[in-house]
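In: How does the following fold in three dimensions:
(one chain, ligands or ions: 2)
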Amino acid sequence: MNVDYDTSQICLNGHVITGSYNKYPEYRKDFCSDCGEPTIIKCNKCSTEIQGYPLKEAMYYKLKRPNFCYKCGGEFPWMKKRVEAIMELIKMENSLNEEENAIFEKSIEDISKNTSTSDISASKLKILFKKLSKEAITATRTLIVEIASETVKKIITD
Ligand SMILES: [Zn+2]
Ligand SMILES: [Zn+2]
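Out: Ligands and ions are numbered 1, 2, ... in the order given. Here you go, the predicted structure:
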């Protein structure tokens, strides 16, 4: 455990249960009361605990769920689910060919990891948007706004 931070407990769908797992054990839940999914407090790849509220500060802000583990870079289950769901939607539409599907998926991944080519990936997505339905574009935009940096958000919502 990081000495300066408490641990977060989050459900597999990404609902934050508590950011003060150790300090206030009474807030712990085995299952999420919003969606019924089991909860986790650790990265399932490297077992590092998910960072919660700073131990020495008052917790007057809402804790954001992380998308990736700060220790190993592995994606958390809720992040994986969202990208998978978007890809399902895109494939369901059947308006992209296989190569475009692959580019779409790679671009989402790139953006979610905020790499040095995220902005270019955002432009690629915008080009592919021309072939997609309004529904698919809205769903993709919502995901991007949640996971991307400000620069990428601007490109994609412009
Ligand atoms: Zn939940
Ligand atoms: Zn990890």
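
In: Give me the contact list for the helix or strand that contains W78.
Out: Using DSSP states H and E, W78 sits in helix 77-93. Applying CB atoms under 8 Å, 6 or more residues apart in numbering, the contact partners of helix 77-93 are 10-14, 40, 44, 65, 67-68, 75, 96, 101, 104-105, 108-109, 112, 132-133, 135-136, 139-140, 143, 146-147. (Glycine included, C-beta is placed from N, CA and C.)

In: Could you confirm whether stretch 36-49 reaches ligand 2?
Out: Yes - using CB under 5 Å from the ion, stretch 36-49 comes into contact with ligand 2 via 43, 45-46, 48.

In: And that stretch, what's buried?
Out: 37, 39-41, 43, 48-49 (16 or more other CB atoms under 10 Å).

In: Make TSV out of those residues and add pLDDT.
Out: Formatted as TSV, the buried residues of stretch 36-49 follow (pLDDT from 0 to 100):
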residue	pLDDT
E37	96
T39	98
I40	98
I41	97
C43	96
T48	96
E49	96
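
In: And stretch 16-35, end to end?
Out: 11 Å (CA to CA, to the nearest Å).

In: which parts of it are buried?
Out: 16-21, 32.

In: next one: stretch 114-132
Out: 118-119, 121-122, 124-125, 128-129, 132.

In: All the strands of this structure, residue numbers only.
Out: In the chain, the strands defined using DSSP state E lie at 5-7, 9-11, 16-18, 39-40, 51-54.

In: Now do the shortest one: which elements does it pack against?
Out: Contact partners of strand 39-40 among helices and strands, from 3 or more CB pairs under 8 Å, 6 or more residues apart in numbering; DSSP states H and E: strand 9-11.

In: low pLDDT regions in this structure?
Out: For the chain, the stretches with pLDDT under 70 are 1-2, 58-60.
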